[in-house]
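K.L.:
Predicted model, plus sequence, below.
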Amino acid sequence: MISRTERTLTYAILALFTVVSLTPVLGILATALGPQSSLSTGFTLPDDGLHWGNFADAWTRGHFGTYLRNSTLVTLSVVAVATLLSVLAGYAFGVMRFPGSTVLFYLFVLGLALPQEALVVPLYFDLRHLELTDTYWGLILPQAAQSLAFGVFWMRTYFRGSARSVIEAARIDGANSWTTLWRVLVPMARPAISTLVVIVFMWTWNEFLMALVMVSDEAYRTVPLGLAFFQGQHSSETALLAAAAVLIALPVVIVYVALQRRFIAGMLSGAVKE
Amino acid sequence: MRHGKYGFIVGFLALPLAIYAVFVISPFVQAIYYSFTNWSGLSSDLQMVGFDNYRKLLDDDVFWHALRNNLVLLLVLPLVTLGMGLFFAFMLNVGGRRKGAVVSGVRGSSLYKVVYFFPQVLSIAIVALIFQFAYNPNSGALNSFLSGIGLDSVQPNWLGDPSLALWCVMAVMVWSNVGFYVVLFSAAMSTIPRDFYEAALLDGANRFTTFFRITLPLLWDTVQTGWVYMGILALDAFAVVQIMTVGPGGPDYSTEVLTWFVYTKGIRDGQAGYATALGVALLIVTMIFAAIVMRLGRRERLEF
């Protein structure tokens, strides 16, 4: 049994941590609405009204429109390519039997443990040689490839676990591997695939190192990189910086608030099974 | 219609394998090769230099600073993050009381989870920016708070202070990740049958013993997974260090980490050969870490 004091204490601690989780976010909102001349990064709302204009200013001066477009394009492409290829390879590893499958599969899994930084230097010079740095492809292809380590692993686990009888039944009905996959298994795998999509989306949207290394031309900067550079140029203009941070956080936060349960469930199931 | 079985397999695997080989495996193999050369990255000249890069690395003070900082992160970050995650998850799951039930979750636990999870959805670039503001010694929220409660004399320099900077980095990483583990552990805890707790409580166990005797052993697999994740994050720390710390790399290399060191040598300073040797060292540390976790984590799996 739990005593009254103990219960009160529980709620107090939980509430305290709620404050800790939200305070920095509220702080940045307050800063974003402050006057641009102010150096304050505190939590007092400005007394001369809210400066909504900061958002417009940050948007135009920081070129965040371009960065958002770049991030959207890159993220959607990476998610599409990585998901499609993961489903194909996951199906091959999970359902078909062929010599060398174990070795090849472990090759993919190895990628989960490889630190990105260990390969980023040769990768950069390879891509520069192929003239792919400062292009969308230079951002999309390496990130899609790196996402395959998790994606192939994830989809193989799913296909391996999905009822063998379903595959047998489809085969008896005369479906070949291709139709079995797209007509039967993929529709069944919707939850697993949406988890994969959420995870790859989050990784790519937030990716910093690849974007920093592969892109020097401002026209191809993604959002996290754009924010870091904007910060370098306007380090003393806290209100503008805060406004920029709020603006670029907004799309993901909206998706999170709208889909909170599915979003959390998606990210979690990826973690538990791994 | 009958295609050859191998034709199909090639059709399914060719593209994923090709992309993966070109953009992951090949750079990795090249990294090992270049780590034995004096390649600058700027031209195609290179000579094999044997283990020179590795010898140089062992004599490089910055490398040791970086390694030390990574090891501190590797030891403390998972412990603190997972510990807090378990603590809050436990509170959410068994902290409440409802009619008829001996053990139950607190009211509104799903709301807490949504709030705690929130920092996880923010890009690390944003998180680093937010905390750079908060740590500002003159106008930041932390020092304003300290003087607000009458501690005018205690105004640390935070990121500017070599003895504090790494802990500041760590605090940011803890803040942005705890919520994920609260939710993760909470989901795992909710699968533990209620009667386990009830039986223990009837036997006179308090919440402390219930946690260590029942909850933790049953959650061990999940905790282990979390440990691997947090370890990988601790060995990375690139974005936080690059965006938030002075230099970057901190005063007196106090926040220098291996990943940032690889980047500066390989991309900025034209020492690609040396940088790849550092990358290989990072890989070795990662592998040792993974082996240790697997080894320590091997216990009898509890079924229920």
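P.N.:
The structure has been received and is ready for your questions. As the structure is a prediction and not an experimental result, all values here were calculated from the model.
K.L.:
Only C-alpha atoms from now on, for both contacts and neighbour counts.
P.N.:
Will do.
K.L.:
check contacts around the residue in the stretch 151-300 of chain B positioned nearest to chain A.
P.N.:
Nearest residue of the stretch 151-300 of chain B to chain A, counting by C-alpha to the nearest C-alpha: B:G279, 3.9 Å away. When contacts are counted by C-alpha atoms under 8 Å, 6 or more residues apart in numbering or on different chains, B:G279 touches A:E117, A:A118, A:L119, B:A31, B:L258, B:T259, B:V262.
K.L.:
Show me the helices in the stretch 151-274 of chain A, by range?
P.N.:
A:164-172, A:177-179, A:186-188, A:190-206, A:209-214, A:223-233, A:238-273 (DSSP state H, counting those that start in this stretch).
K.L.:
Any chance of CSV for these, columns mean pLDDT and distance to chain B?
P.N.:
Listed next are the helices of the stretch 151-274 of chain A as CSV, based on pLDDT from 0 to 100; distance: least, C-alpha to the nearest C-alpha, whole Å:
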stretch, mean pLDDT, distance to chain B
helix A:164-172, 79, 12
helix A:177-179, 79, 8
helix A:186-188, 86, 14
helix A:190-206, 87, 5
helix A:209-214, 92, 7
helix A:223-233, 89, 5
helix A:238-273, 79, 6
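K.L.:
Output the ones you listed in a markdown table; the columns should cover mean neighbour count.
P.N.:
A markdown table is the format used below for these (neighbours: other C-alpha atoms under 10 Å in any protein chain shown):
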| stretch | mean neighbour count |
| --- | --- |
| helix A:164-172 | 14 |
| helix A:177-179 | 16 |
| helix A:186-188 | 14 |
| helix A:190-206 | 20 |
| helix A:209-214 | 21 |
| helix A:223-233 | 21 |
| helix A:238-273 | 19 |
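K.L.:
and these as JSON lines, adding distance to B:S110?
P.N.:
Formatted as JSON lines, the helices of the stretch 151-274 of chain A follow (distance: least, C-alpha to C-alpha, whole Å):
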{"stretch": "helix A:164-172", "distance to B:S110": "36"}
{"stretch": "helix A:177-179", "distance to B:S110": "41"}
{"stretch": "helix A:186-188", "distance to B:S110": "28"}
{"stretch": "helix A:190-206", "distance to B:S110": "20"}
{"stretch": "helix A:209-214", "distance to B:S110": "34"}
{"stretch": "helix A:223-233", "distance to B:S110": "30"}
{"stretch": "helix A:238-273", "distance to B:S110": "9"}
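K.L.:
Most neighbours of all the contacts of B:G279, which one?
P.N.:
Compared across the contacts of B:G279, B:L258 has the highest neighbour count, 29 neighbours, by other C-alpha atoms under 10 Å in any protein chain shown.
K.L.:
For it, give me phi and psi.
P.N.:
phi -60, psi -40 (degrees, to the nearest 10).
K.L.:
That one and B:V62 touch, don't they?
P.N.:
No - contact criterion C-alpha atoms under 8 Å: B:L258 and B:V62 do not qualify, at 9.2 Å.
K.L.:
what's the closest non-adjacent residue to the most centrally placed residue in chain A?
P.N.:
Closest residue to the average C-alpha location of chain A: A:M202 at 1.2 Å, with C-alpha atoms, centre = their mean. When the adjacent residues along the chain are set aside, A:M202 lies closest to B:V121, with 7.7 Å between them (C-alpha to C-alpha, 6 or more residues apart in numbering or on different chains).
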